[in-house]
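S.K.: Need coordinates for the following:
(one chain, ligands or ions: 1)
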Amino acid sequence: MEGISTAPATSTLEINEIFERQRGRLYEIGNTSASERIKKLKRFQDALIDNKEKIREAIHNDFLKNPNETDLTELLSVIGEIKHAIRHLKQWMRPHKVSTPLLLLGTKSFLTYESKGVALILAPWNFPINLTLGPLVSAIAAGNCVIVKPSELTKHTSRLIKHIVESLFDADEIAVVEGGKEISQALLQLPFNHIFFTGSPKIGRIVMEAASKHLSSVTLELGGKSPTIVDKSADINIAARRIAWGKFLNNGQTCIAPDYVFVHEDVKEEFVENFRKHTVKLYGNDPSVSEAYCRIINNGHYQRILEAVEESTSQGAEVISTGKPISDEKYVPPTIVMNVKFDSKLMQEEIFGPVLPVIPFDNIEEPIKLIQSREIPLALYIFSKNKRNINEIISRTRAGGTVVNHSLIHFYQNNLPFGGSNESGIGKAHGFFGFRAFSNERAIIKQSLFLSGVDAVMPPYTKWKQKFINLAIRWL
Ligand code: NAD
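M.R.: As a prediction, this is how the structure comes out:
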């Protein structure tokens, strides 16, 4: 879709007005019942299904993503998130009774989840539907008012998101604001109750700093370098296929893509051979004509990836690639890089493209030590049949998520939290964990008027009161 008209930028004044109007409805929206929220989620789901073709078209226009891949990695995830929330929301919203310690004799205690209030969702471009609307599902389930800012790099999809959301909600409940850095920064001036940011660690720091001014709580879903280990015991054919899929899906522009892979020296040749075979099976001999192989989002990222590969070549690395880059298409062919230096850009920065450094090792200690020496990754993948190795790697490393014998698939598991740790993120998303991110966990204690353990130990202190305190310490 050439020449999409750019939305007139929302002014700071308008943003402030939307925010104030949302604040005015905070309690009304926050006090909606599970059934009311489920109704909203169902309408949301219907709108996504009705707009399926438009979503496929918009993302294809943004970076030539295959419509089947859009269904698999965008729609399926958001609809999965909606269905999961619909199924569980009543239970999530129910007050949870907790047990009573002796000192609190005469009380009943409950944990309730109430909406945080007005939330901001700042989204990245790389899964523009999934990572914008997925968190929105959690925010709606938790009863929040929300301002959503999709990425400026996927203009067609961002416009469509605005259109879909506006057809479902009043702006004083859920509003979509389009724009880039300036709009983000204007939004970040406001005292949101929660900020849910997905993007790079660099911008994550800016978001957290801005949030600190108002002590807004944050969920930061960040990126980084997710390592993969293939040991000697692994089924090399299966490992190569599943790593190739995880690496080249979305053209490698996936926060949890296997960034680089450690392969045991004894199976290195076999791995590379199988990886090449499976790349051809997935995308043909010339991926530039494959409909399944999408493109790099913009020239800046295209140049960045090629420069990183060139730097490694100049340092003596061996590059195996399926064809040549095509600059006016922002096409980077599937590429393997062998003998890469650890201090190169490829091994220091998140690759975010279809390039896979392969690092041979002799002893499992080598990848473990290297992973320990780096920032905690968002994901860590292990391909192995050796239980000892699997346990050793898991217990001696940290990661946001780990999959044994596959890549990426944990994103679809809504019963598990999704997110990183420190450099790869703060807080968790998906299913109950997403609902929780947008909720205030409120502690409520109801005290009987007549029976109270605490009343019994108020001054003046006596021998009997001391005995009761001793008991309370013992039977905490
Ligand atoms: P980005 O950090 O550049 O941008 C994300 C959002 O921040 C956009 O909406 C953008 O408009 C806004 N932004 C940009 N500059 C800003 C500034 N100076 N001040 C305030 N806001 C600003 O990220 P991106 O390039 O869109 O996405 C790629 C990154 O996101 C990668 O690092 C990737 O690993 C990460 N990511 C993480 C996850 C996850 O779930 N953990 C998912 C997808 C992507």
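
S.K.: Name the SS class of the closest residue to the ligand within the chain, please.
M.R.: The chain approaches the ligand most closely through residue 223 (1.8 Å), counting by C-beta to the nearest ligand atom. Just so you know, the C-beta spots here come from the backbone N, C-alpha and C atoms, and that holds for glycine as well. Per DSSP: H, G, I helix; E, B strand; the rest coil, the local secondary structure of residue 223 is coil.

S.K.: was I right about it contacting residue 201?
M.R.: Yes - under the criterion of C-beta atoms under 8 Å, residue 223 makes contact with residue 201 at 6.6 Å.

S.K.: who has more neighbours, the two?
M.R.: residue 223 (26 against 17; other C-beta atoms under 10 Å).

S.K.: State the phi and psi torsions of the residue of the chain closest to the ligand.
M.R.: The phi/psi pair for residue 223 (degrees, to the nearest 10) reads phi -120, psi -140.

S.K.: picking up where we left off before, what is in contact with residue 223 and residue 201 at once?
M.R.: In terms of C-beta atoms under 8 Å, 6 or more residues apart in numbering, residue 223 and residue 201 are both contacted by the residues residue 424.

S.K.: what residues does the stretch 201-350 of the chain put near the ligand?
M.R.: Residues of the stretch 201-350 of the chain lying close to the ligand (C-beta under 6 Å from any ligand atom) are 203, 206, 221-223, 255, 350.

S.K.: quick check, residue 280 in a helix?
M.R.: Yes - per three-state DSSP, residue 280 lies within a helix segment.

S.K.: do you know how far the residue nearest the centre of the chain is from residue 342?
M.R.: Nearest to the geometric centre of the chain sits residue 221, at 4.8 Å (C-alpha atoms, centre = their mean). According to C-beta to C-beta, to the nearest Å, residue 221 and residue 342 sit 27 Å apart.

S.K.: got the residue ranges for the strands in the stretch 201-350 of the chain?
M.R.: Using DSSP state E, counting those that start in this stretch, the strands found in the stretch 201-350 of the chain span residues 217-221, 226-230, 258-264, 318-321, 335-338.

S.K.: mean confidence score for the last one?
M.R.: Pointing back at strand 335-338 there. In this model, strand 335-338 has a mean pLDDT of 98.

S.K.: Packing partners of it?
M.R.: Other elements packing on strand 335-338 under the criterion 3 or more C-beta pairs under 8 Å, 6 or more residues apart in numbering; DSSP states H and E are helix 268-283, helix 299-314, strand 318-321, strand 355-361.

S.K.: 10 Å instead?
M.R.: helix 236-248, strand 258-264, helix 268-283, helix 299-314, strand 318-321, strand 355-361 (3 or more C-beta pairs under 10 Å, 6 or more residues apart in numbering; DSSP states H and E).

S.K.: tell me the angle the second one makes with helix 236-248.
M.R.: Looking back up the chat, that one is strand 258-264. 160 degrees (axes from the mean of the first three to the mean of the last three C-alpha atoms, to 10 degrees).

S.K.: Ok, the fourth one next?
M.R.: For the pair helix 299-314 and helix 236-248, the angle between their directions (the same axes, to 10 degrees) equals 140 degrees.

S.K.: Which positions within helix 299-314 qualify as buried?
M.R.: Neighbour-count burial for helix 299-314 flags 301-302, 304-306, 308-309, 312 (criterion: 16 or more other C-beta atoms under 10 Å).

S.K.: and what of the shortest one?
M.R.: Judged by neighbour count (16+ other C-beta under 10 Å), strand 318-321 contains these buried residues: residue 321.

S.K.: Which neighbours in the sheet does it have, and how are they oriented?
M.R.: Strand pairing for strand 318-321, determined by DSSP bridges: strand 335-338 (antiparallel).

S.K.: what does the strand it pairs with contact?
M.R.: For strand 335-338, contacts defined as C-beta atoms under 10 Å, 6 or more residues apart in numbering pick out 244, 247, 252, 260-261, 263, 268, 271-272, 275-276, 279, 305-306, 308-309, 312-313, 317-323, 325, 344, 346-347, 351, 353-360.

S.K.: Among the residues you listed, name the buried ones.
M.R.: Of these, these count as buried by 16+ other C-beta under 10 Å: 244, 247, 252, 260-261, 263, 268, 271-272, 275-276, 279, 305-306, 308-309, 312, 317, 321-322, 325, 344, 346-347, 351, 353-360.

S.K.: so how far is stretch 430-450 from its chain's centroid?
M.R.: 24 Å (C-alpha atoms, centre = their mean, to the nearest Å).

S.K.: Would you tell me whether that stretch gets close to the ligand?
M.R.: No - for stretch 430-450, no contact with the ligand is found by C-beta under 6 Å from any ligand atom; the gap never falls below 9.6 Å.

S.K.: now stretch 179-188
M.R.: Yes - with C-beta under 6 Å from any ligand atom as the criterion, the ligand is reached by stretch 179-188 at 180-181, 184-185.

S.K.: same deal with stretch 73-93?
M.R.: No - applying C-beta under 6 Å from any ligand atom, one finds stretch 73-93 out of contact with the ligand, separated by at least 10.9 Å.

S.K.: number of nearby residues for the closest residue to residue 243 other than its chain neighbours?
M.R.: In this structure, residue 243 finds its nearest non-sequential neighbour in residue 258, 5.3 Å apart by C-beta to C-beta, 6 or more residues apart in numbering. Using other C-beta under 10 Å, residue 258 has 28 neighbouring residues.

S.K.: ok, so what distance separates residue 258 from residue 312?
M.R.: From residue 258 over to residue 312 (counting by C-beta to C-beta), the distance is 17 Å.

S.K.: And for residue 88?
M.R.: For residue 88 relative to residue 312 (C-beta to C-beta), the value is 47 Å.

S.K.: One more: residue 415?
M.R.: 40 Å.

S.K.: ok, now residue 427?
M.R.: Distance from residue 427 to residue 312, by C-beta to C-beta: 34 Å.

S.K.: Send me stretch 342-358 as PDB with only the CA atoms.
M.R.: Extracted in PDB, the C-alpha atoms of stretch 342-358 (Å, rounded to 0.1, in the frame of the first residue of the first chain):
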ATOM      1  CA  PHE A 342      33.300 -12.700  20.800                       C
ATOM      2  CA  ASP A 343      34.100  -8.900  20.700                       C
ATOM      3  CA  SER A 344      32.500  -8.400  17.300                       C
ATOM      4  CA  LYS A 345      29.200  -6.600  16.800                       C
ATOM      5  CA  LEU A 346      27.600 -10.000  15.900                       C
ATOM      6  CA  MET A 347      28.400 -11.300  19.400                       C
ATOM      7  CA  GLN A 348      27.900  -8.100  21.300                       C
ATOM      8  CA  GLU A 349      24.700  -6.700  20.000                       C
ATOM      9  CA  GLU A 350      21.300  -8.200  19.400                       C
ATOM     10  CA  ILE A 351      21.400  -9.400  15.800                       C
ATOM     11  CA  PHE A 352      17.700  -9.100  15.000                       C
ATOM     12  CA  GLY A 353      18.100 -10.400  11.500                       C
ATOM     13  CA  PRO A 354      18.600 -13.700   9.600                       C
ATOM     14  CA  VAL A 355      22.200 -14.300  10.600                       C
ATOM     15  CA  LEU A 356      23.300 -17.100  12.800                       C
ATOM     16  CA  PRO A 357      26.800 -17.300  14.400                       C
ATOM     17  CA  VAL A 358      27.800 -20.900  15.100                       C
END
